[in-house]
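Participant: Here is a sequence together with a model predicted from it:
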Amino acid sequence: MLCFVNDLEAQKTSKINIENADFADRDQDEIPDAVLLRGNVKLRHEGVLFTCNKAYFFEKENYLKAFGEVQMVQGDTLFLNSKYAEYNGEVKQAFATGNVIMRSPESTLVTDTINFDRNTQEAFYNTNGTITSKENTLKSKSGRYYANEKKFRFLTGVTITNPKYVIKSNHLDYYTNSGHSYLFGPSTITSESNYIYTEKGFYDTKKNLAHFLRKSYIKYKDRRIEGDSLYYDRNREFASATNNVKITDSINNGVVKGHYAEMYKLKDSMYVTKRAVAINLVENDSVYIHGKKLMVTGKPGNRIVRAFNNVRFYKKDMSGKCDSLYSDQKTGLTKLIKNPILWNFENQMTGDEMHLIGNNQTEKLDSLKVLNNAFIVSKDTLGTGYNQVKGQNLYGKFEDSKLREVDIIKNTEVIYFMRNDQQELIGINKSVCSKINILFDGNTIETITNFNQAEGEIYPEKDLPENARKLRGFIWRGDERIKTKDDIFPEEENQLDAKIQAEKKLEMEKENVPLEPRKETLDYDKKNPKPEIK
């Protein structure tokens, strides 16, 4: 029984104590049941000191009304100034209005009216407020302050103004000690260098580091990067993105996709991997380039694309493979390096290295070089044989994306199935010379001209055995031909993509809730203690 009584006693609120007043009086007519206090008024209640010019203290109700230069001080953590205030000692709740200024060691709030609950250590206001800290200025129509957590929460329009950027959101938690901001719902961050949109994210306003989730993107003057997860370092102008990454080049009409990317704005460079693909517009058609790794460097108009490891590319009228690729936007030169193979309509071309040259004025493919061990193969239009031309180097010209003319020089050899206008086989041309010129008509060979020391003859089909109908080094690789833009991806990367899409679907089906505060936010004061005052 005694313990129960002690518990009840412990729950009782103590009375407000009057510590000082130049003048004290009771006037039942003017203020019934109250003590009138004037001049240098000081009252204290459970660790909180109230000062003002004038006060009405209702002893029975344990209630205080304060007027003129009102200040409420809670230790060294909270200072509340106003023209007028009320305080209920029984429920430990305060109300202040008129040029309200609430200060903590980290920030200052200026508003018109505020309520403060000492039990929960929460203050809230529904009038326009301005919060200033060392780094930022925040403005909002309403807000709530959690003194224990040193956190402001805004659920209506809030703006954070920093010398480098402006944050706008309708749902934001801001920790005054760390400067950490947690955004939820449509939110923007605007600066001279970029524009950021997110619907769930974290921003460290002191270190200028950020992590964004859900429908997030960063937009620069010439590029936009988006992904399921974005990391951003404003100090280095570095951004990385994970899963469903898309980087759009607004100047050059290009897009790079993948499931991981890094972008260095100051260096004009990006790196993309995990089902990476670069998509560029050429001749009103899209070219898709895939590699295990993609790198894009250089300023607009001088961009260089590099692709590494198992490179594949596709265009409606052309596709190919190689170990690595180098493409220079300024010169229009694209190099296919090591083990290249190119298909243009029905023509298969191989060599040690290939160069595709585009015309920057017409934005069309202009010419082709195949350096060392050049070899062209195409199926005979009606039979089972193969037209073949080989030599040391090949130089070709394109018309409307089709290979129109080819010169093969040095140690050239040819096997060609000749047909008349009725497509009847006349014979098989097998010859060698120092140079060959071929004119193509669409997908078929129109004419073949041999130059310099030409040797050979036209064989009737029955007189040329099968083993003599293929040049040395002949390999038909038609089963490897890339026929759609989806064929550029290896199976393991398609499996990765399927897994990522399934995970995203499950995530999007979950209820969208604000981010939980990070451990570094909650432990900020422990890891950043204030220096002791000596």
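Facilitator: In hand now; what should we look at?
Participant: low-confidence ranges in the stretch 1-150 of the chain?
Facilitator: 1-12, 29 (pLDDT under 70).
Participant: Do a quick rundown of the helices in it.
Facilitator: 2-11 (DSSP state H, counting those that start in this stretch).
Participant: Give the buried residues for stretch 106-115.
Facilitator: Residues of stretch 106-115 classed as buried: 107, 109-115 (neighbour count, 16 or more other C-beta atoms under 10 Å). (Glycine included, C-beta is placed from N, CA and C.)
Participant: where's that stretch relative to the chain centroid, distance-wise?
Facilitator: Here the centre of stretch 106-115 is set off from its chain's centre by 36 Å, with C-alpha atoms, centre = their mean, to the nearest Å.
Participant: Stretch 340-352 too?
Facilitator: For stretch 340-352, the distance to the chain centre is 37 Å (C-alpha atoms, centre = their mean).
Participant: before we move on, what about stretch 452-467?
Facilitator: Distance, centroid of stretch 452-467 to centroid of chain: 61 Å (C-alpha atoms, centre = their mean).
Participant: Please apply the same query to stretch 302-320.
Facilitator: Using C-alpha atoms, centre = their mean, the offset of stretch 302-320 from its chain centre is 23 Å.
Participant: for it, which positions count as buried?
Facilitator: In stretch 302-320, the ones that count as buried by 16+ other C-beta under 10 Å are 303-308, 311-315, 318-320.
Participant: Stretch 321-341 now?
Facilitator: Buried, per 16+ other C-beta under 10 Å, within stretch 321-341: 321-322, 324-329, 332, 334-337, 340-341.
Participant: and of those residues, the nearest to Asn62?
Facilitator: Gln329 (77.7 Å; C-beta to C-beta).
Participant: give the contact list for the nearest residue to that closest one once chain neighbours are set aside.
Facilitator: Leaving aside its sequence neighbours, Gln329 sits nearest to Arg303 (C-beta to C-beta, 6 or more residues apart in numbering; 4.3 Å). Residues near Arg303 by C-beta atoms under 8 Å, 6 or more residues apart in numbering: 249, 252, 254, 296-297, 329.
Participant: among these, who's most crowded?
Facilitator: Val296 (25 neighbours; other C-beta atoms under 10 Å).
Participant: could you say which helix or strand contains that residue?
Facilitator: strand 293-297 (DSSP states H and E).
Participant: Show me what that strand pairs with in its sheet, parallel or antiparallel.
Facilitator: strand 269-273 (antiparallel), strand 304-315 (antiparallel) (DSSP bridges).
Participant: now that strand: mean pLDDT?
Facilitator: Average pLDDT, strand 293-297: 93.
Participant: With stretch 224-238 instead?
Facilitator: 95.
Participant: Could you pull out the buried residues of it?
Facilitator: So, applying 16+ other C-beta under 10 Å, buried residues of stretch 224-238: 224-232, 234, 238.
Participant: measure the closest residue to Gly478 other than its chain neighbours to Ile376 for me?
Facilitator: Take Gly478 and drop its neighbours on the chain: the residue closest to it by C-beta to C-beta, 6+ apart is Gln348, 7.1 Å away. Here the criterion is C-beta to C-beta, to the nearest Å. By it, Gln348 lies 7 Å from Ile376.
Participant: Between those two, which is the more surrounded one?
Facilitator: Ile376 (27 against 22).
Participant: Could you grab the helix/strand/coil label for that one?
Facilitator: Classification of Ile376 using DSSP: H, G, I helix; E, B strand; the rest coil returns strand.
Participant: Among the buried residues of stretch 106-115, which one sits closest to Leu209?
Facilitator: For these, the nearest to Leu209 is Ser107 (20.2 Å; C-beta to C-beta).
Participant: who does that closest one bridge with?
Facilitator: Ser133.
Participant: One more: Tyr288?
Facilitator: With DSSP bridges as the rule, Tyr288 is bridged to Ile279, Tyr314.
Participant: Report how many residues lie close to the residue nearest to Asp25 when sequence neighbours are not counted.
Facilitator: Excluding its sequence neighbours, the residue lying closest to Asp25 (C-beta to C-beta, 6+ apart) is Leu36, at 4.7 Å. Neighbourhood size, Leu36 [other C-beta under 10 Å]: 16.
Participant: go on, the one 10 residues further on?
Facilitator: Neighbourhood size, Glu46 [other C-beta under 10 Å]: 13.
Participant: Make sure it is actually in contact with Asn62.
Facilitator: No - checked against C-beta atoms under 8 Å, the pair Glu46 and Asn62 is beyond contact range at 11.1 Å.
Participant: and for the two, which residues touch both?
Facilitator: Contacts common to Glu46 and Asn62, judged by C-beta under 8 Å, 6+ apart, are Thr13.
Participant: low pLDDT regions in the stretch 251-400 of the chain?
Facilitator: Ranges of the stretch 251-400 of the chain meeting pLDDT under 70: 282-283.
Participant: just the strands in it please.
Facilitator: Using DSSP state E, counting those that start in this stretch, the strands of the stretch 251-400 of the chain run over 254-264, 269-273, 277-282, 285-290, 293-297, 304-315, 318-328, 333-337, 341-344, 347-350, 353-359, 364-379, 386-399.
Participant: Of those, which is nearest Thr521?
Facilitator: Using C-beta to C-beta, the strands of the stretch 251-400 of the chain put strand 254-264 closest to Thr521, at 25.7 Å.
Participant: What strands flank the closest one, and is each parallel or antiparallel?
Facilitator: Here, using DSSP bridges, strand 254-264 pairs with strand 238-249 (antiparallel), strand 269-273 (antiparallel), strand 277-282 (antiparallel).
Participant: what does that strand rub up against?
Facilitator: Under C-beta under 8 Å, 6+ apart, the answer for strand 254-264 is 223, 225, 227, 236-249, 269-281, 294, 296, 303, 496-497, 500.
Participant: got the angle between it and strand 285-290?
Facilitator: 40 degrees (axes from the mean of the first three to the mean of the last three C-alpha atoms, to 10 degrees).
Participant: got the residue ranges for the helices in the stretch 401-534 of the chain?
Facilitator: Using DSSP H, counting those that start in this stretch, helices in the stretch 401-534 of the chain cover 491-509, 519-522, 524-527.
Participant: Go through the second one and flag the buried ones.
Facilitator: By that I understand helix 519-522. Result for helix 519-522 [16+ other C-beta under 10 Å]: buried residues Thr521.
Participant: Tell me which residue is most central in this protein.
Facilitator: Glu226 (3.6 Å; C-alpha atoms, centre = their mean).
Participant: For it, list each beta-bridge partner.
Facilitator: Residues in beta-bridge contact with Glu226 (DSSP bridges): Tyr217, Lys246.
Participant: Correct me if wrong: it contacts Lys246.
Facilitator: Yes - using C-beta under 8 Å, Glu226 makes contact with Lys246 at a distance of 5.1 Å.
Participant: Now for these two: what residues contact both?
Facilitator: Looking at what touches both Glu226 and Lys246 (by C-beta under 8 Å, 6+ apart), there is no common residue.
Participant: residues touching Gln423, list them.
Facilitator: Per C-beta under 8 Å, 6+ apart, neighbours of Gln423: 381-382.
Participant: What sits closest to Lys151 if chain neighbours are left out?
Facilitator: Using C-beta to C-beta, 6+ apart, the nearest residue to Lys151 is Tyr175, at 5.0 Å.
Participant: That should have said Ala307, apologies.
Facilitator: Per C-beta to C-beta, 6+ apart, closest to Ala307 is Gly291, 3.2 Å.
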